[in-house]
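Student: Could you look at this predicted model? Sequence included:
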Amino acid sequence: MEFGNLMQVLMEENAKVLGYDISHNKTYWMDRLDQYPSTEFRGSVAHVCGEKVELPSNHCTVQNGFSRDGIHICMNAVGGRMFAAIGCLLDCVYGDGDDLLERRQECAASCNHQFMSLEPIKESMFSN
């Protein structure tokens, strides 16, 4: 499961909302809070904040919905995609009995594209 891809896309989308120009400048993630929240991990503004803050700062006045501290994820926002990806990947391995590694890898790539991105969930995923 390529969870890092989902986190990167969420962070980029949040950075756009915060007003960062991510089309030419991929350094938006370098704006970091000072010791937030009183830990050694310095969270990226685009990863933890819901609005842009003046730096240096050690807190967000508004937090985003997918990570409170830059380390842990909010399951109410991301958990559905995570568990759907796990179910999809399990179906790739055990679903049809196909032992061809290439088909399993294609299936896994499809699961990751569907659930570890901001792609809308396909309606066909809900049919029996």
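Tutor: Arrived safely.
Student: ok, Val62 touching Lys52?
Tutor: No. Contact status for Val62 versus Lys52: not in contact, 9.7 Å apart, counting by C-beta atoms under 8 Å. In this view, the C-beta of every residue, glycine as well, is placed from N, C-alpha and C.
Student: Who has more neighbours out of those two?
Tutor: Higher neighbour count among Val62 and Lys52: Lys52, with 16 against 9, using other C-beta atoms under 10 Å.
Student: Which strand or helix spans the more buried one?
Tutor: Here Lys52 is covered by no helix or strand, with elements defined by DSSP states H and E.
Student: my read: it touches Lys16, true?
Tutor: No. Contact between Lys52 and Lys16 fails when scored by C-beta under 8 Å: they sit 11.3 Å apart.
Student: where does the protein dip in pLDDT?
Tutor: Scanning the chain for pLDDT under 70 picks out the ranges 25, 35-41, 97-98, 125-128.
Student: Can you show me the strands along this protein?
Tutor: Taking DSSP state E as the criterion, the chain carries no strands.
Student: Now Val62. Nearest residue, chain neighbours left out?
Tutor: Gly50 (3.7 Å; C-beta to C-beta, 6 or more residues apart in numbering).
Student: how about the one you found, what does it touch?
Tutor: Asn14, Cys60, Val62, Gln63, Asn64, Gly65 (C-beta atoms under 8 Å, 6 or more residues apart in numbering).
Student: Taking the residues you listed, please make a PyMOL selection of just the buried ones.
Tutor: Per 16 or more other C-beta atoms under 10 Å, the buried members of these correspond to this PyMOL selection:
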select buried, resi 14+60+64
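Student: quick check, nearest of the contacts of Gly50 to Glu106?
Tutor: Ranked by distance to Glu106 (C-beta to C-beta), the contacts of Gly50 are led by Asn14 at 30.9 Å.
Student: That closest one touches His47, doesn't it?
Tutor: Yes. Between Asn14 and His47 there is a contact under C-beta under 8 Å: 7.5 Å.
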